[in-house]
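> Have a look; sequence and predicted model below, questions after that.
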Amino acid sequence: MQPKLAIGAALAALLVAVPVALGGSTHASSNTATFIDSIGEDAAAPDITGIAVSNDDAGNITFQINISNRPALTPDMLVLLFLDTDNNTSTGDPDTGGADYVIQLQSGAVGLFQWQNNDFVFATSQTSLTYAYPSTGPTIHVSASDLGRTKAIKFVTLAISGIGTDAAGAPDFTNAHGDAAPDSGHGLYSYQVLTRLILSVTAFTTSPKPAKAGRTFSVSLAATENDTSGPVKAGTVSCAATLARKRIVATTHVLANGVASCIWRIPRTAKGLTIRGTITLTVQGTQVSRPFSARFG
């Protein structure tokens, strides 16, 4: 059975409120931003004092939520991150400032939920989602690729304690106390996800072997992207080659299933000659190339 979001939209609206302006103080260094929250709003609630957000070149995002008075994640607690990942308040939950995703952390479990059909449902992709809870508060890790490959996030954090269970086994918020960061009515924190795309070549080959005059000759390069750890889905392929020092034009240059390929038609008269060239794959301005050469028999 898939996990469900424990908090209802009504309680979220009560504690978070619809944002009216960007809030919070930030300081950025090496793409780390620190957001300071007011303290001591409710002595019975978890007290969020600040949140540090950072990401690496692959778009793996870390939320370090400092909670001064909760050194452990107890069964009556719930921590939620409401994330607007497309900068469009009309596409997400209207009660939480257009949140497209929610990360829910409770004792022993963390889950990612996506806004679909006017409800938050368990997200299909959340393999990157992990957490730890040191004495300073929770640290949550998630990849931008599991958040629609977002480049910018607006978010609000909610920490609740005092949650009970009713007769039906559902969460009971009667005696719950919570703290929102930023405070209700102060908008959402805003964070830019800055990444550096890295392409890694996983395979390179020429065909046929040995090369034969009068047939086609192909060069293929397979590559993955660091932000998804998966094959390249979109890019451009360029093919440069000379035969006996004369430029020849590829008949095909294509990217399919993460494999870039160049194909040339080689005349029969090329027997004994050598083809030399380079195949280049370009993705969002980042390039990876491999040189090749082959003598035709």
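Arrived safely.

> As a check, name the ranges of all helices in the protein.
For the chain, the helices defined by DSSP state H occupy 9-16.

> Nearest the geometric middle of it, what residue?
Nearest to the mean C-alpha position of the chain, counting by CA atoms, centre = their mean, stands A144 at 1.1 Å.

> shouldn't that residue be in contact with N55?
Yes - A144 is in contact with N55 according to CB atoms under 8 Å; the separation is 7.1 Å. (Each C-beta comes from the backbone N, C-alpha and C, glycine too.)

> tell me, what's touching those two both at once?
Common contacts of A144 and N55 (CB atoms under 8 Å, 6 or more residues apart in numbering): 61, 193, 195.

> With neighbour count as extra columns, can I get the residues you listed in JSON lines?
Shown next, in JSON lines, are the shared contacts of A144 and N55 (neighbours: other CB atoms under 10 Å):
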{"residue": "I61", "neighbour count": "21"}
{"residue": "V193", "neighbour count": "20"}
{"residue": "T195", "neighbour count": "17"}
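
> of those, the lowest pLDDT goes to which?
Ranked by pLDDT, the shared contacts of A144 and N55 bottom out at T195, which has 84.

> Contact partners for the nearest residue to that one once chain neighbours are set aside?
Spatial nearest neighbour of T195, chain neighbours left out: G59 (4.7 Å); criterion: CB to CB, 6 or more residues apart in numbering. Contacts for G59 (CB under 8 Å, 6+ apart) come out as 143-145, 149, 193, 195, 227.

> how does it look with 10 Å?
By CB atoms under 10 Å, 6 or more residues apart in numbering, the residues touching G59 are 128, 142-147, 149-151, 193-197, 225-228.

> again, but for N60
Neighbouring residues of N60 by CB under 10 Å, 6+ apart: 54, 128, 130, 141-146, 193, 195, 226-227.

> from those residues, which single one is nearest C262?
N226 (24.1 Å; CB to CB).

> isn't that closest one right next to A144, touching?
No - N226 lies out of contact with A144 (CB atoms under 10 Å); the separation is 11.4 Å.

> what is in contact with the two at once?
Common neighbours of N226 and A144 (CB under 10 Å, 6+ apart) are 58-60, 195.

> So of those residues, which two are at opposite extremes in space?
Pairwise distances across the shared contacts of N226 and A144 (CB to CB) peak at 9.2 Å, for the pair N60 and T195.

> Identify the contacts common to these two.
Shared between the contact lists of N60 and T195 (criterion: CB under 10 Å, 6+ apart) are residues 144, 226-227.

> can I get these in JSON lines with pLDDT and distance to I275?
Listed next are those as JSON lines, based on pLDDT from 0 to 100; distance: CB to CB, whole Å:
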{"residue": "A144", "pLDDT": "93", "distance to I275": "41"}
{"residue": "N226", "pLDDT": "84", "distance to I275": "32"}
{"residue": "D227", "pLDDT": "76", "distance to I275": "34"}
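
> What is the nearest of those to S135?
Closest to S135 out of those is A144 (28.3 Å), distances taken as CB to CB.

> Would you confirm that the closest one contacts V193?
Yes - using CB under 10 Å, A144 makes contact with V193 at a distance of 5.3 Å.

> Count the residues that sit near the residue lying closest to T286 once chain neighbours are set aside.
Nearest non-adjacent residue to T286, counting by CB to CB, 6+ apart: L197, 4.5 Å away. Other residues within reach of L197, judged by other CB atoms under 10 Å, total 15.

> who's in contact with L197?
Contact analysis of L197 by CB under 10 Å, 6+ apart lists 57-59, 225-227, 232, 283-286.

> same question for stretch 184-192, mean pLDDT?
The average pLDDT within stretch 184-192 is 87.

> and that stretch, how far apart are its ends?
Start-to-end span of stretch 184-192 (CA to CA, to the nearest Å) is 22 Å.

> so L105 touches I140, yeah?
Yes - if you go by CB under 10 Å, L105 and I140 touch, sitting 6.5 Å apart.

> returning to that earlier point: reformat the shared contacts of A144 and N55 as CSV; add distance to P75.
Below are these laid out as CSV (distance: CB to CB, whole Å):
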residue, distance to P75
I61, 27
V193, 33
T195, 37
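
> T242: which of these is nearest?
Nearest to T242 among the shared contacts of A144 and N55: T195, at 36.5 Å, using CB to CB.

> where along the stretch 51-200 of the chain do the strands fall?
Counting by DSSP state E, counting those that start in this stretch, the stretch 51-200 of the chain has strands at residues 60-67, 78-84, 101-106, 109-116, 119-122, 130-132, 139-143, 152-161, 164-165, 171-172, 177-181, 189-192, 199-207.
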